[in-house]
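Q: Everything below, folded, please.
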Amino acid sequence: MKYVICVPDGCADLPVPELGGLTPLEAADTPHMDALAARAVVGRAAVIPTGMAPSSDVGNMSILGFDPSAFHTGRAPIEAAAMGLTLAPDQVAFRCNLVTVVDGEMVDYAGGNPSDEAAAEVINRIDAELGGGRDGVSFHPGISFRHSMIAPADWVDAECIPPHDLTGDPVVLPGGPAGPRLRVLMEATKEIIASSDLEATQVWLWGQGFQPQIPSFAETHGVRAGLVTAVDLVRGIGMLSGMKICDIPGATGRYDTDYEGKRDVALAELAGGLDLFVIHVEATDEAGHAGDVVEKVRALENWDSRIVADLIPGLDAMGPWRLLVLPDHGTPLTTRTHTPDPVPYMLVDSRTDGPGGVFTETGVAGDPPVTGHGLLPTLLAG
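A: Take a look at the predicted model:
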């Protein structure tokens with residue numbers, strides 16, 4: 001038996017005026033996913049536990065079968081793990097975004113999506129001038145606008161708002177006991193970044209936490225698993241749980257990501273001996289944050305035509321399979337930020353048709369939500 005989990009990040013939405021009151025899932029032309037839903041079990045999943053922030057780290061931890069309320073310690077330490085950073089017990093990691101703030105307003109939480117090389121040059125300069133281990137602080141380059149800062153443990157006591165939650169709004173600087181130290185650092189980065197060619201104007205520190213202790217995926221779930229993603233926090237959960245991380249050159253985390261490459265590496269790894277594979281695509285979430293209706297619909301249609309259309313025949317050639325499709329949270333176009341609401345899911349078994357349904361928000365609106373981290377055991381139970 002082969003298992004696949006497809007995660008169109010943040011694809012769940014609310015009715016969109018530009019789409020005549022439809023959601024992107026309802027408006028997109030997705031014949032292959034529609035056909036799967038017609039033979040699937042469909043429903044709603046509470047991937048964000050009550051009281052927890054509706055972030056991708058929480059949602060994806062649920063999807064991978066780990067209860068976030070038991071294992072989640074923060075977003076940044078997961079991304080730090082993806083970068084190969086190991087935290088000591090007296091260290092805390094912060095997510096370090098390159099952002100564009102103009103006249104006190106968060107204009108771009110992604111700082112113009114700089115190239116990895118250009119961003120690394122600036123982050124390394126920031127580390128040389130403001131970090132480098134002095135006072136226990138260091139900066140580490142990651143991908144595009146996403147980077148990490150390591151600090152002493154007592155810096156964890158801060159109130160930090162994710163920059164994507166402030167898009168188009170006045171910024172709210174970090175508060176709490178450690179807030180002043182964070183604000184001083186963030187302010188100091190402005191001069192360094194101003195001398196570069198980046199569109200970003202400063203760094204934004206948030207998502208802090210200690211390194212989580214996530215158990216082995218194989219020992220917990222009894223299968224050998226891998227994943228492909230361009231997002232460090234998803235990669236980090238996989239690394240911390242011992243999954244095989246598969247990198248492909250065209251995985252960008254943006255609209256231009258290599259859909260076919262992600263499909264092909266999934267099929268190759270399953271044919272090569274893995275039991276389960278996770279395909280994660282960020283494009284729908286990026287479009288939601290940007291309020292880009294056209295790109296969010298297009299990303300869903302790319303899922304259908306460039307992944308699902310040939311994924312299913314490839315799985316059929318290997319024998320029986322089961323497929324789970326769901327986002328890690330909603331990212332509505334009208335609000336441009338994550339929501340904690342239950343999301344639609346569908347679970348398909350190649351051997352046995354389910355009752356069938358419609359994989360949209362309204363298609364599962366009346367269903368009582370299932371626990372998000374319980375879906376993976378349900379997938380494997382088949």
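Q: Could you use CA atoms for every contact and neighbour count after this?
A: Will do.
Q: Quick check: beta-bridge partners of residue 277?
A: Counting by DSSP bridges, residue 277 is bridged to residue 4, residue 226.
Q: From the centroid of the protein, which residue is nearest?
A: For the chain, the residue sitting closest to the mean C-alpha position, by CA atoms, centre = their mean, is residue 56 at 4.3 Å.
Q: Grab the nearest non-local neighbour of that residue.
A: Leaving aside its chain neighbours, residue 56 sits nearest to residue 328 (6.0 Å; criterion: CA to CA, 6 or more residues apart in numbering).
Q: Which pLDDT does the model give the one you found?
A: The confidence metric pLDDT takes the value 98 at residue 328.
Q: how would you label it: helix, strand or coil?
A: In three-state terms, and counting by DSSP: H, G, I helix; E, B strand; the rest coil, residue 328 is coil.
Q: and if you look at residue 101?
A: Under three-state DSSP, the three-state class of residue 101 is strand.
Q: mind checking which helix or strand the closest residue to it other than its chain neighbours is in?
A: Spatially, and ignoring its direct neighbours in sequence, residue 101 is nearest to residue 107 (5.5 Å; CA to CA, 6+ apart). Assessed by DSSP states H and E, residue 107 sits inside strand 105-108.
Q: Name the next helix or strand downstream of the host helix or strand of residue 142, please.
A: Using DSSP H and E, residue 142 sits in strand 138-143. For strand 138-143, the succeeding helix or strand toward the C-terminus, using DSSP H and E, is strand 146-152.
Q: Pull the distance from that following strand to the chain's centre.
A: 18 Å (CA atoms, centre = their mean, to the nearest Å).
Q: likewise stretch 300-311?
A: 19 Å.
Q: how is the chain carved up into domains?
A: The chain resolves into domains spanning 2-72+213-381, 80-209 when parsed by automatic domain parsing.
Q: end to end, how far does the last one reach?
A: With CA to CA, to the nearest Å applied, domain 80-209 spans 10 Å between its terminal residues.
Q: Equivalent analysis for stretch 349-362, please.
A: Start-to-end, stretch 349-362 (CA to CA) is 23 Å.
Q: Quick one: mean pLDDT for it?
A: Here stretch 349-362 scores 97 as its mean pLDDT.
Q: OK, contacts around the spatially closest residue to residue 332 that is not a sequence neighbour?
A: Using CA to CA, 6+ apart and skipping residues adjacent in sequence, the residue nearest residue 332 is residue 13, 4.3 Å away. Residues counted as contacts of residue 13 (CA atoms under 8 Å, 6 or more residues apart in numbering) are 23-25, 330-333, 361.
Q: re earlier: what's next to the helix or strand following the strand holding residue 107, contact-wise?
A: Sequence order places helix 116-130 as the next helix or strand after strand 105-108, per DSSP H and E. Helix 116-130 has contacts (CA under 8 Å, 6+ apart) with 137-145, 147, 185, 188-189, 192-193, 196, 198.
Q: neighbouring contacts of the helix or strand that contains residue 70?
A: Secondary-structure assignment from DSSP H and E places residue 70 in helix 68-71. For helix 68-71, the external contacting residues (CA under 8 Å, 6+ apart) are 49, 52, 58, 61-62, 212-214.
Q: can you put those residues in CSV and add distance to residue 312, secondary structure and pLDDT?
A: Shown next, in CSV, are the contacts of helix 68-71 (distance: CA to CA, whole Å; DSSP: H, G, I helix; E, B strand; the rest coil; pLDDT from 0 to 100):
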residue, distance to residue 312, secondary structure, pLDDT
49, 31, coil, 97
52, 35, coil, 95
58, 28, helix, 96
61, 25, helix, 97
62, 25, helix, 98
212, 35, coil, 90
213, 35, coil, 90
214, 31, coil, 93
